[in-house]
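A.B. asks: got a structure for you, letters missing:
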């Protein structure tokens, strides 16, 4: 009679919700818990001959889940952190912080090298957000002069 194997499969099936909750409590991630559950069930089925009838199946399954989780953690520690290829590609396409810092330094030096009149107009326009009319009134010059200085300052910075 094949009842021991059929009974084992039925008992195993009834324990899946409990084992799944335990796997989620260990991993704190549904996808990882599902993978862990699958690994544990595969191991349980592969090693069902080591299960002693009359002992608690749930306890035996929890031990398998815990050991599989620990195995996975050790393997991840040896392998290092996994970075998906898409994320790696995006990281390599962006400018590292050090390069941005150097570019900012270049812009700062360019602004400092401007004539005082051109630099003042640029700072009032860019940093203060004033219109050309407001800048002209504040500096006591014509609007055309402000536009000319602003254009010159932008060209020198871009060069």
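C.D. replies: Thanks, I have it. What you are looking at is a predicted structure, and each value in this text was computed from that prediction instead of being measured. Residues are numbered from 1 along each chain as shown.

A.B. asks: can you give me the helices for the chain?
C.D. replies: 3-27, 30-46, 57-79, 85-93, 97-112, 116-126, 132-139, 143-158 (DSSP state H).

A.B. asks: how about the nearest residue to residue 37, chain neighbours excluded?
C.D. replies: Once flanking residues are discounted, residue 37 sits nearest to residue 23: 4.8 Å by CB to CB, 6 or more residues apart in numbering. No exception for glycine: its C-beta is placed from N, CA and C like everyone else's.

A.B. asks: by mean pLDDT, show me the worst of the helices of the chain.
C.D. replies: The minimum mean pLDDT among the helices of the chain belongs to helix 85-93 (a mean of 72).

A.B. asks: switch the helices of the chain over to CSV; also include mean neighbour count.
C.D. replies: CSV is the format used below for those (neighbours: other CB atoms under 10 Å):
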stretch, mean neighbour count
helix 3-27, 14
helix 30-46, 16
helix 57-79, 14
helix 85-93, 9
helix 97-112, 10
helix 116-126, 17
helix 132-139, 16
helix 143-158, 16
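
A.B. asks: and stretch 24-31, how far from the chain's centre?
C.D. replies: Centre-to-centre, stretch 24-31 and its host chain are 18 Å apart (CA atoms, centre = their mean, to the nearest Å).

A.B. asks: neighbouring contacts of it?
C.D. replies: With CB atoms under 8 Å, 6 or more residues apart in numbering as the test, stretch 24-31 has contacts from 33, 36, 65-66, 69.
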